[in-house]
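Novice: Okay, here's the prediction I keep looking at, along with the sequence it came from:
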Amino acid sequence: MEREPNRLLQQLIAEAGFSHKGLARRLNDLGAARGTPGLKYDHSSVLRWISGQRPRDPVPSLLTEIFALRLGRRVTSDDLGMPVISPLDLGQEFTHTWQEGVATVTALWRADVERRRFLIDSTFAIGAGSVGAIRWLTFPTEGRPSGMGARRVGRADIVAIREVTRSFGELDNRFGSGRVRSSVVRYLDNAVSPLLKDGSYDDATGKQLATAAAELTRLAGWMAYDMEQHGLAQRYLIQALRLARGADDQTLGGEILAGMAHQAIYMGQPAHALDLARAAQMAARSAGVKTLLASSQVLEAHAHAGMGDTRSCSASLNEAERAFDARRPADEPPWLSYFDEAYLSAKFAHCFRDLGEGEQVVRHAHRSLDMDSRYVRGRMFNLSLLAAGLLQSGELEEACQVASGALALSGELQSARSRSYADDLRRRLKPYRNERPVRALRERELSTAV
């Protein structure tokens with residue numbers, strides 16, 4: 001079957017005044033600068049593309065950068081006559097080059113904005129997370145990302161991304177991800193994507209841009225996790241990890257790996273979570289950040305608890321406590337401030353709940369409630385933990401009183417995880433459904449619903 005000629009590419013070449021040989025030479029040179037050495041395209045390659053052959057990645061994204069620089073305007077793959085074809089595994093790979101990573105993450109944002117069915121229906125893939133962690137650990141340090149596009153990226157652009165991340169993070173904690181996630185994804189697609197694809201920035205600014213984009217991408221992934229869109233969340237977290245590698249940000253990379261472990265535990269995959277938590281610990285030690293080390297060690301403990309390994313869980317909890325006591329918050333990133341004594345206590349309570357040690361759950365869950373009032377969703381989780389611990393300890397009436405508060409908060413949040421915690425409480429209370437405190441709790445729920 002004869003291919004249809006690519007007239008859009010032919011027109012752009014004419015407009016830019018490139019010879020076929022000159023365009024191929026620029027492509028090879030830019031590929032080498034972007035971490036893809038060894039490209040050997042020539043004038044005959046360009047002729048084949050004009051004839052309708054589609055080049056392999058990362059050629060389309062490199063060509064958009066070449067034409068944008070020459071013409072002084074944004075040029076997309078659609079303008080080249082090479083529209084992005086979203087593979088079903090889009091976002092699951094930790095790519096080998098910065099340029100490929102930018103092409104992947106921006107395509108993921110665009111597909112998410114468009115509510116593409118393959119993303120909505122995507123499932124969690126253990127292998128993808130494992131490969132991402134391995135590549136994070138084994139990947140050689142990259143040169144800081146640089147861009148040669150038409151739009152100058154400055155400090156104000158970086159500050160704006162970080163302020164958006166902070167603001168939406170606060171809203172997420174107060175109201176649940178369902179109220180805000182779509183706005184975050186639109187911002188990534190509309191504001192951050194052009195900076196990565198078409199921006200002009202030096203090495204230092206490129207590193208800051210990569211870190212800021214990684215932080216917001218991580219937040220979008222965490223929000224998808226909160227809505228129990230687990231396949232989508234995993235893809236975002238892997239791409240956030242790739243962006244963090246572009247910035248060589250060990251602390252942020254460790255935090256993302258810890259988030260991936262958190263999700264794996266929630267999904268009942270403790271062995272996978274254990275691998276991810278240990279990878280996060282390696283990043284934390286490399287960065288010298290004790291709070292992150294404590295966070296990843298307590299996740300390791302939770303993974304052990306999920307496998308019923310009491311001894312290993314206890315050992316990891318002791319290590320987490322030692323790391324936490326040695327932390328220096330003033331020397332650590334402000335976004336790690338959420339991991340305070342209340343948060344650590346909540347993680348301890350999770351471990352003991354899964355091990356069935358009710359008295360320990362109650363002890364640590366009580367401490368966890370001495371928390372920042374802005375973390376409404378976190379309070380719902382911690383009340384649920386306390387209610388579960390009280391129930392495990394045989395304190396049915398007090399458990400129902402605490403459960404009432406947890407269930408009330410759940411109704412105010414747009415958070416699938418909150419609903420799951422509420423459902424777990426109801427399941428735990430079901431064997432006592434004929435007892436007076438449980439009947440009274442159920443009646444309060446029904447009256448509130450009306």
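Specialist: Here it is on my side, so go on.
Novice: rest of the way, CA atoms for contacts and neighbours
Specialist: Noted.
Novice: following the helix or strand of the chain with the lowest mean pLDDT, which helix or strand comes up?
Specialist: Here the helix or strand of the chain ranked lowest by mean pLDDT, DSSP states H and E is strand 147-148, holding a mean of 66. Going down the chain from strand 147-148, the next helix or strand is strand 151-152, by DSSP states H and E.
Novice: Parallel or antiparallel, list what pairs with that following strand.
Specialist: Next to strand 151-152 in the sheet, as set by DSSP bridges, lie strand 199-201 (parallel).
Novice: In this structure Thr165 contacts Arg218, no?
Specialist: No: the pair Thr165 / Arg218 is not scored as a contact, 9.6 Å apart, by Cα atoms under 8 Å.
Novice: Give me the more crowded residue out of these two.
Specialist: Arg218 (30 against 20; other Cα atoms under 10 Å).
Novice: Please look at Pro5 and Ser51 and confirm they touch.
Specialist: Yes: if you go by Cα under 8 Å, Pro5 and Ser51 touch, sitting 4.4 Å apart.
Novice: Based on its surroundings, how many neighbours for Gln10?
Specialist: Neighbour count for Gln10, taken as other Cα under 10 Å: 18.
Novice: Not counting sequence-adjacent ones, nearest residue to it?
Specialist: Ile50 (6.1 Å; Cα to Cα, 6 or more residues apart in numbering).
Novice: now Ile126
Specialist: His272 (7.0 Å).
Novice: Shouldn't that neighbour be within a helix?
Specialist: Yes: His272: assigned to a helix according to DSSP: H, G, I helix; E, B strand; the rest coil.
Novice: quick one: contacts for it?
Specialist: Ile126, Ser130, Ala261, Ala264 (Cα atoms under 8 Å, 6 or more residues apart in numbering).
Novice: Tell me the spacing between it and Val131.
Specialist: According to Cα to Cα, to the nearest Å, His272 stands 11 Å off from Val131.
Novice: Pull up the overlap in contacts between these two.
Specialist: With Cα under 8 Å, 6+ apart, His272 and Val131 have no common neighbours.
Novice: Can you read off the pLDDT for the residue nearest to Ile126?
Specialist: You'll see His272 listed with a pLDDT of 97.
Novice: again with Ala323
Specialist: Ala323 is assigned 98 on the pLDDT scale.
Novice: With Arg3 instead?
Specialist: pLDDT, Arg3: 68.
Novice: Could you pull up the mean pLDDT of the longest helix seen in the chain?
Specialist: Using DSSP state H, we find that the single longest helix of the chain is helix 203-226. Average pLDDT, helix 203-226: 96.
Novice: Would you map the helices across the stretch 301-450 of the chain?
Specialist: 310-325, 341-355, 358-368, 376-392, 396-412, 416-429, 436-449 (DSSP state H, counting those that start in this stretch).
Novice: so what's the nearest residue to Asp226 once chain neighbours are set aside up against?
Specialist: Using Cα to Cα, 6+ apart and skipping residues adjacent in sequence, the residue nearest Asp226 is Arg417, 5.4 Å away. Shown in contact with Arg417 (Cα under 8 Å, 6+ apart): Asp226, Met227, Glu228.
Novice: Would you mind confirming that the second one is in contact with Ser177?
Specialist: Yes: taking Cα under 8 Å as the definition, Met227 is a contact partner of Ser177 at 6.6 Å.
Novice: any residues in contact with both of the two?
Specialist: Taking Cα under 8 Å, 6+ apart as the contact rule, Met227 and Ser177 both touch Ser415.
Novice: Tell me which of the two has more neighbours.
Specialist: Using other Cα under 10 Å as the criterion, Met227 and Ser177 rank with Ser177 on top: 28 against 20.
Novice: Let me see the contact set for the residue lying closest to that one once chain neighbours are set aside.
Specialist: Distances taken as Cα to Cα, 6+ apart place Met223 nearest to Ser177, at 5.1 Å, with adjacent residues excluded. By Cα under 8 Å, 6+ apart, the residues touching Met223 are Asp172, Ser177, Gly178, Arg181, Ala233.
Novice: cool, Glu93 as well?
Specialist: Residues near Glu93 by Cα under 8 Å, 6+ apart: Ala128, Val131, Gly132, Ile238, Gln239.
Novice: Out of those residues, give me the two with the largest separation.
Specialist: Val131 and Gln239 (12.2 Å; Cα to Cα).
Novice: which one among the contacts of Arg417 gets closest to Gln281?
Specialist: Closest approach to Gln281 among these (Cα to Cα): Asp226, at 23.5 Å.
Novice: Just give me the neighbour total for the closest one.
Specialist: Asp226 has 22 nearby residues by other Cα under 10 Å.
Novice: Distance check, it against Ala406.
Specialist: In terms of Cα to Cα, Asp226 sits 17 Å off from Ala406.
Novice: Ok, Leu243 next?
Specialist: On the measure of Cα to Cα, Leu243 and Ala406 end up 37 Å apart.
Novice: which of these two has more neighbours?
Specialist: Each of Leu243 and Ala406 has its neighbours counted (other Cα under 10 Å); Leu243 has more, 31 against 25.
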